[in-house]
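> Need coordinates for the below:
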Amino acid sequence: MVEHGYAVILAGGKGERFWPMSTRKRPKQLLSLVGDRPLLAQAVDRLEGLVPHERVFIITNADLVDASREAAPELPPENIIGEPVGRDTAAAAALGAALVGARDPEGVFAILTADHIMGDLDTYRDTLRESMNLAMQEDVLVTIGVQPDHPSTGYGYIEAGPLHSEREGVAFHKALRFVEKPKEEKAKSYLETGRYYWNSGMFIWSVKALGKALRTHRPPLADLIETLRPAVGTSGFDEALREVYASLEKISIDYALMEKADNILMVRGTFAWDDVGSWPALENHFGADEAGNVIIGDAAAVDTTDNIIVSKGRLTALIGVRDLVVVQTDGVTLVCPKDRAQDVKKLVEEVKKSGKYEAWL
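Okay, here's the model as predicted:
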């Protein structure tokens, strides 16, 4: 276990691109999309041997606290915190600092996400361990840049600068800049340079370093830490949380801090990583049949190729189609071309506007 080490898992996402399986009451992180445990539970499992359960926190939506506790029953119930309103990742990171700082002012913690899939878990744990050890020794903000294996246009990138240090085979670089999701040609050029890494949205820092950086670049979030820390574990915590969150701006930690601070290091993440952003991502984790169909559940297919079919508990039949996503759940069937799967989120917005199908959202 890492001395003074903690983990804060962010689990407030809606996962709308996985509708209709993912809904407001049961979003992506509570589903067993890959494996036989919810993604949230898998995020906790990956910390085994690194951070004990009593030092793992989950920050989620207030209305998902009970479901999150059910998904991760090994954690103390009080370690699963519900935000009264969503204020993006900057507020969640500051809340994490308050939770950890109340337990251990010398604490270092990793900000992790509940809906990613990892491989090479020994490498993943080594990366977190050495990042925590470095963050305990130096006033730095560490972010994980994942080694890219193709020119993705779906991720932001980090440009890595000179090598800062190498610890037990884990390399740390000065982070030069963060860039938005690129067009395909730009993504190809990033890959060719060897200097650009996918922005994983995972961070490691000490309570002190994060508080100091927020005081400089985002004082209201530093105030959040100072206000909430004395209330952690008391009967007044929920009320204090509601009062503080009510006036906060909605902003990501990238915009609030990481694009401004000058003490950022990028640790090279050489483990397998997938943020499972939409239905086609399942092709990376399930084998296809001889016709290229990925079938999860029960399906019958004739002259049907290269489809993703999710149909648990009922039979879905396809004839003469290709390159589709077909998802069958109770009361809802989704059919769309694979190359339009990102538009599922737009479809959900249209369904919301209609006001007719609240029971399935």
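> gap between stretch 96-114 and the chain center?
Stretch 96-114 sits 17 Å away from the centroid of its parent chain (C-alpha atoms, centre = their mean, to the nearest Å).
> Between the two ends of that stretch, what distance do you get?
Start to finish, the residues bounding stretch 96-114 are 15 Å apart (C-alpha to C-alpha, to the nearest Å).
> cool, stretch 350-361 as well?
End to end - C-alpha to C-alpha - stretch 350-361 spans 11 Å.
> hmm, who's touching it?
Stretch 350-361 has contacts (C-beta atoms under 8 Å, 6 or more residues apart in numbering) with Trp19, Pro20, Thr23, Arg24, Gly331, Val332, Val348. Glycine gets a C-beta too; all of them are placed from N, C-alpha and C.
> neighbour-wise, which of the residues you listed leads?
Neighbour counts for the contacts of stretch 350-361 (other C-beta atoms under 10 Å) peak at Trp19, which has 24 neighbours.
> dump the residue contacts of that residue.
Trp19 neighbours (C-beta under 8 Å, 6+ apart): Val332, Leu334, Val344, Lys345, Leu347, Val348, Leu361.
> Of those residues, which count as buried by neighbour count?
The neighbour-count test (16 or more other C-beta atoms under 10 Å) marks Val332, Leu334, Val344, Leu347, Val348 as buried among those.
> With respect to Ala272, which of those residues is nearest?
Val344 (24.7 Å; C-beta to C-beta).
> Surely that closest one is in a strand?
No. Per DSSP: H, G, I helix; E, B strand; the rest coil, Val344 lies outside any strand segment and is helix.
> wait, it sits on Glu16?
Yes. Val344 lies in contact with Glu16 (C-beta atoms under 8 Å); the separation is 6.9 Å.
> Give me the average confidence score over the helix or strand that contains Met266.
Using DSSP states H and E, Met266 falls within strand 264-269. Mean per-residue pLDDT for strand 264-269: 98.
> which ones among the buried ones among the contacts of Trp19 are found in strands?
Cross-referencing these against strands under DSSP state E gives Val332, Leu334.
> Relative to Gly156, which of the buried ones among the contacts of Trp19 is nearest.
Using C-beta to C-beta, the buried ones among the contacts of Trp19 come closest to Gly156 at Val344, 21.1 Å.
> Excluding chain neighbours, give the residue nearest to that closest one in space.
Arg17 (5.0 Å; C-beta to C-beta, 6 or more residues apart in numbering).
> for Gly101, same thing?
Take Gly101 and drop its neighbours on the chain: the residue closest to it by C-beta to C-beta, 6+ apart is Val207, 4.3 Å away.
> Tally up the residues packed near that neighbour, please.
26.
> right, and it touches Val100 too?
Yes. Counting by C-beta under 8 Å, Val100 is a contact partner of Val207 at 5.5 Å.
> residues shared between the contacts of those two?
Common neighbours of Val207 and Val100 (C-beta under 8 Å, 6+ apart) are Gly107, Phe109.
> what sits up against stretch 290-298?
Against stretch 290-298 from outside (C-beta under 8 Å, 6+ apart): 282-283, 286-289, 299, 301, 304-316, 328.
> do the same with stretch 308-323
21, 279-280, 282-283, 293-307, 324-328, 337-339.
> how about a cut-off of 7 Å?
21, 279-280, 282-283, 293-307, 325-328, 337-338 (C-beta atoms under 7 Å, 6 or more residues apart in numbering).
> From the recorded domain assignment, give the ranges for the chain.
When the chain is parsed with automatic domain parsing, its domains come out as 5-274, 279-360.
> Please name the nearest non-neighbouring residue to the residue nearest the centre of the chain.
The chain has Thr113 as the residue nearest its centroid, 2.9 Å off, counting by C-alpha atoms, centre = their mean. Nearest residue to Thr113 in three dimensions, chain neighbours excluded: Leu10, at 5.4 Å (C-beta to C-beta, 6+ apart).
> quick one: which helix or strand includes that neighbour?
Using DSSP H and E, Leu10 falls in strand 5-11.
> before we move on, what about His164?
Here His164 sits within strand 157-167, counting by DSSP H and E.
> partners of that strand in the sheet?
strand 170-179 (antiparallel), strand 196-206 (antiparallel) (DSSP bridges).
> what residues are up against the closest residue to Thr270 other than its chain neighbours?
Nearest-residue entry for Thr270: Gln147, 5.1 Å, with adjacent residues in sequence omitted and distances by C-beta to C-beta, 6+ apart. Contact analysis of Gln147 by C-beta under 7 Å, 6+ apart lists Tyr197, Arg268, Gly269, Thr270.
> let's go with 10 Å and repeat that
Neighbour list for Gln147: Gly194, Tyr197, Trp198, Arg268, Gly269, Thr270, Phe271, Ala272, Trp273 [criterion: C-beta atoms under 10 Å, 6 or more residues apart in numbering].
> what does Leu95 give?
Contacts of Leu95 by C-beta under 10 Å, 6+ apart are 8, 10, 57, 59, 81, 83, 87, 221, 224-225, 228, 232, 241, 244-245.
> relative to strand 5-11, how tilted is the host helix or strand of it?
Here Leu95, judged by DSSP H and E, is contained in helix 88-103. Helix 88-103 runs at 150 degrees relative to strand 5-11, counting by axes from the mean of the first three to the mean of the last three C-alpha atoms, to 10 degrees.
> Distance from the chain centre to helix 88-103, please.
For helix 88-103, the distance to the chain centre is 16 Å (C-alpha atoms, centre = their mean).
> Put the alpha carbons of the following helix or strand past it into PDB.
Next in sequence after helix 88-103, counting helices and strands by DSSP H and E, comes strand 108-113. C-alpha atoms of strand 108-113 as PDB (Å, rounded to 0.1, in the frame of the first residue of the first chain):
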ATOM      1  CA  VAL A 108      -1.800  12.200  -1.900                       C
ATOM      2  CA  PHE A 109      -4.600  11.100  -4.100                       C
ATOM      3  CA  ALA A 110      -5.400   9.900  -7.600                       C
ATOM      4  CA  ILE A 111      -8.400  11.300  -9.500                       C
ATOM      5  CA  LEU A 112      -9.700   8.300 -11.500                       C
ATOM      6  CA  THR A 113     -12.800   7.700 -13.600                       C
END
